[in-house]
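Asks: Structure, please.
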Amino acid sequence: MNLNRRNLHRDLGYFYIGLIISFAFSGILMNHREHWHPEKYTIETKEIQVSLPEEKEITEEYAEKLGKDLGIEDKMRRHNVKKGTFKISFEKHDVEIDMETGKGEIVAFNKTPIISQAMKLHKSTSNWWIYYSDIFGLSLITIAITGAIMITHGKNTFARRGWKLAVAGIVIPLLVLIFIG
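Replies: Numbers count the residues shown, from 1 in each chain. Have a look, this model is predicted:
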């Protein structure tokens, strides 16, 4: 194997192609998560009718017990009464009940297959994954540098033309951070 700039650039690119695609795909999904909630989708909505106590009697213990009575076994996240609606949020369910009528619904959620797993790449705090991601980041820098120095002759070299595009690639995100961030 001849280890020159071109071969190093090519082989690192081949090695990381799957990870590059996975990170890019999950990054696009993360950018738009407020619009379509890729980590959950509705699998069932069930109408319910319950008798609720006075608002002042609605405690965390009451919300947990009501969830169990409604057949919800997952962990409760929070509850509140707002604008006449009693809401309980569980890990995989949401419950909304009208305080006056006692009518409401249970919405059951499930993670979107493959997409939710891909999004975990960006959220993982596991030490081994962080170190692997750091190596990946350093490899992307290496791929960028080896790609920049790979072409040494002609009018399209990094020294003649590529540096202008590289500067633009740095300036645009900086301008976004300055004016939007």
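Asks: any chance you could map the strands in the chain?
Replies: 41-49, 76-82, 85-90, 93-98, 103-110 (DSSP state E).
Asks: Rebuild these as JSON lines, extending it with distance to residue 18 and mean neighbour count.
Replies: C-beta coordinates here come from the backbone N, C-alpha and C atoms, glycine included. Listed next are these as JSON lines, based on distance: least, C-beta to C-beta, whole Å; neighbours: other C-beta atoms under 10 Å:
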{"stretch": "strand 41-49", "distance to residue 18": "26", "mean neighbour count": "11"}
{"stretch": "strand 76-82", "distance to residue 18": "34", "mean neighbour count": "13"}
{"stretch": "strand 85-90", "distance to residue 18": "35", "mean neighbour count": "19"}
{"stretch": "strand 93-98", "distance to residue 18": "35", "mean neighbour count": "19"}
{"stretch": "strand 103-110", "distance to residue 18": "26", "mean neighbour count": "16"}
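Asks: Those strands: which one's closest to residue 156?
Replies: Relative to residue 156, the nearest member of the strands of the chain by C-beta to C-beta is strand 41-49, separated by 46.7 Å.
Asks: which of the residues in the biggest helix by length in the chain are buried?
Replies: Determined from DSSP state H, the single longest helix within the chain is helix 5-31. Under the neighbour-count criterion of 16 or more other C-beta atoms under 10 Å, helix 5-31 has 8, 9, 12, 16, 19, 23, 26, 29 buried.
Asks: ok, for the third one, nearest residue in space, not its chain neighbours?
Replies: Beyond its immediate neighbours in the sequence, the residue positioned closest to residue 12 (C-beta to C-beta, 6 or more residues apart in numbering) is residue 143, lying 5.1 Å away.
Asks: Run through the residues that contact the one you found.
Replies: 9, 12, 13, 16 (C-beta atoms under 8 Å, 6 or more residues apart in numbering).
Asks: Show me the domain layout of the chain.
Replies: Following automatic domain parsing, one gets these domains for the chain: 5-36+114-179, 41-110.
Asks: Tell me which residue is most central in the protein.
Replies: residue 30 (4.0 Å; C-alpha atoms, centre = their mean).
Asks: Quick check: it touching residue 119?
Replies: Yes: at 6.0 Å, residue 30 and residue 119 qualify as touching, with contact defined as C-beta atoms under 8 Å.
Asks: coming back round to it: mind putting the strands of the chain into TSV with mean pLDDT?
Replies: Putting the strands of the chain into TSV (pLDDT from 0 to 100) gives the following:
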stretch	mean pLDDT
strand 41-49	84
strand 76-82	94
strand 85-90	95
strand 93-98	94
strand 103-110	91
